[in-house]
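Undergrad: Fold the following for me, if possible:
(one chain, ligands or ions: 1)
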Amino acid sequence: MFEQRSIEVEVRATRALARDVVEFELARVDGAPLEPAAPGSHVDLRVEPPGGLAQLRQYSITNALARGRLDSYRIAVARSAQGRGGSAWLHDTIRKGSRLRLGQPRQLFAQHEAAGAALFIAGGIGVTPLLPMARAAAAAGADWRLVYLVRSEERAAYLDELLELDARRVLLHVSGPRDRRLDLASILRQLGQDTHVYCCGPQGLMQAVRELTAGRAPGSVHFESFGAGEAAGEAAGAAAGADHGFELRLARSGLRAAVPPGSSVLEVIEQLGIAHPSSCREGICASCEVRVLDGRCEHRDQILEPHERQQDERFFPCVSRCAGDSLTLDL
Ligand code: FES
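TA: All right, here's what the predicted structure looks like:
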């Protein structure tokens with residue numbers, strides 16, 4: 001799927017944004033404009049770490065615009081020491097003039113309304129989808145604030161751009177070697193009920209924000225995961241021991257199969273000969289989404305909002321499983 005819909009792009013420029021964070025500016029090789037990408041959009045990028053298989057990585061488009069087309073997309077890549085080599089390969093190998101394959105932009109982290117009141121909460125490189133949202137909010141004259149949590153200031157990518165937008169609306173919190181905590185609870189307590197909250201960062205931060213915003217209006221708190229590779233892998237690994245088998249029923253094709261512990265629903269669908277779309281296989285890109293017709297789900301994706309998890313309608317078979325004995329999907 002990715003191979004058919006991807007395009008070849010050339011690195012037009014690179015820029016060191018912060019410690020261990022590099023920005024890559026990517027443009028079509030033929031010079032044509034790229035597909036429109038609204039704030040919060042991301043693209044799949046094919047990475048080819050040495051000695052490993054080619055993989056797809058998801059990066060937010062940091063110059064995404066609410067309207068109009070772009071000549072180039074900018075992405076920011078943080079080097080991950082514990083990752084699977086994709087970010088190190090980009091840092092060490094990719095230079096101006098290098099060519100890469102890029103998927104179409106997708107938006108799973110949409111800005112509700114640029115002009116509406118908003119609190120953006122960024123953890124580290126999680127600032128990347130929030131930067132274009134903050135730009136859109138500033139351009140619309142919205143009442144916005146951005147809380148930016150970093151381990152050290154030298155790691156704060158795009159800090160200058162944010163301060164230039166409106167320094168009074170940006171709160172930089174440096175946790176430092178002693179892991180100094182920010183009182184997010186009190187910041188969130190002061191928000192009006194019509195303010196939308198957008199959070200992107202490590203799992204721990206997002207979990208804390210989830211808990212602190214549990215009483216807010218459904219649909220007003222939005223999350224995007226990044227670097228889910230390691231985190232999701234760990235979670236999946238931890239959960240694998242507790243996995244149980246169940247029956248998978250595919251309503252349209254009339255097929256049935258057992259999903260054993262340790263195999264994903266997506267793998268079983270593929271073993272049944274169904275060419276089902278997929279990309280990240282980590283529950284973050286949404287390309288494998290399928291509708292649930294019957295059965296209780298154990299959602300392990302990073303996409304659904306809390307209220308959607310209760311509904312058991314949308315399902316991501318690359319990571320999610322069945323909470324009962326049988327699951328029927330619209331396939
Ligand atoms: S393949 Fe990306 S969410 Fe399933």
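Undergrad: Could you check how far the nearest residue to Arg281 once chain neighbours are set aside is from the ligand?
TA: Spatially, and ignoring its direct neighbours in sequence, Arg281 is nearest to Cys318 (4.5 Å; C-beta to C-beta, 6 or more residues apart in numbering). Bear in mind the C-beta positions are built from the backbone N, C-alpha and C, glycine included. Look at Cys318 and the ligand: by C-beta to the nearest ligand atom, to the nearest Å, they are 3 Å apart.
Undergrad: What is the burial count for Cys318?
TA: Using other C-beta atoms under 10 Å, Cys318 is surrounded by 25 other residues.
Undergrad: helix/strand/coil for it?
TA: For Cys318, the secondary structure call by DSSP: H, G, I helix; E, B strand; the rest coil comes out as coil.
Undergrad: same check, this time on Ile75
TA: Ile75 falls in the strand class when you classify it by three-state DSSP.
Undergrad: what about it, neighbour count?
TA: The number of residues packed near Ile75 is 22, by other C-beta under 10 Å.
Undergrad: Run through the bridge partners of it.
TA: Counting by DSSP bridges, Ile75 is bridged to Phe24.
Undergrad: low-confidence ranges in the stretch 51-200 of the chain?
TA: Counting by pLDDT under 70, the stretch 51-200 of the chain contains low-confidence ranges at 52-53.
Undergrad: so the residue nearest to Arg281 makes contact with Val268?
TA: No - contact criterion C-beta atoms under 8 Å: Cys318 and Val268 do not qualify, at 11.3 Å.
Undergrad: how about the helices in this structure?
TA: In the chain, the helices defined using DSSP state H lie at 2-5, 86-93, 127-139, 159-166, 184-189, 203-212, 228-240, 265-271, 306-311.
Undergrad: what does the chain have sitting close to the ligand?
TA: With C-beta under 6 Å from any ligand atom as the criterion, the chain meets the ligand at residues 278-281, 283-288, 301, 316, 318.
Undergrad: now these in TSV, with pLDDT?
TA: Shown next, in TSV, are those (pLDDT from 0 to 100):
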residue	pLDDT
Ser278	85
Ser279	81
Cys280	80
Arg281	84
Gly283	87
Ile284	83
Cys285	83
Ala286	86
Ser287	86
Cys288	92
Asp301	87
Phe316	96
Cys318	93
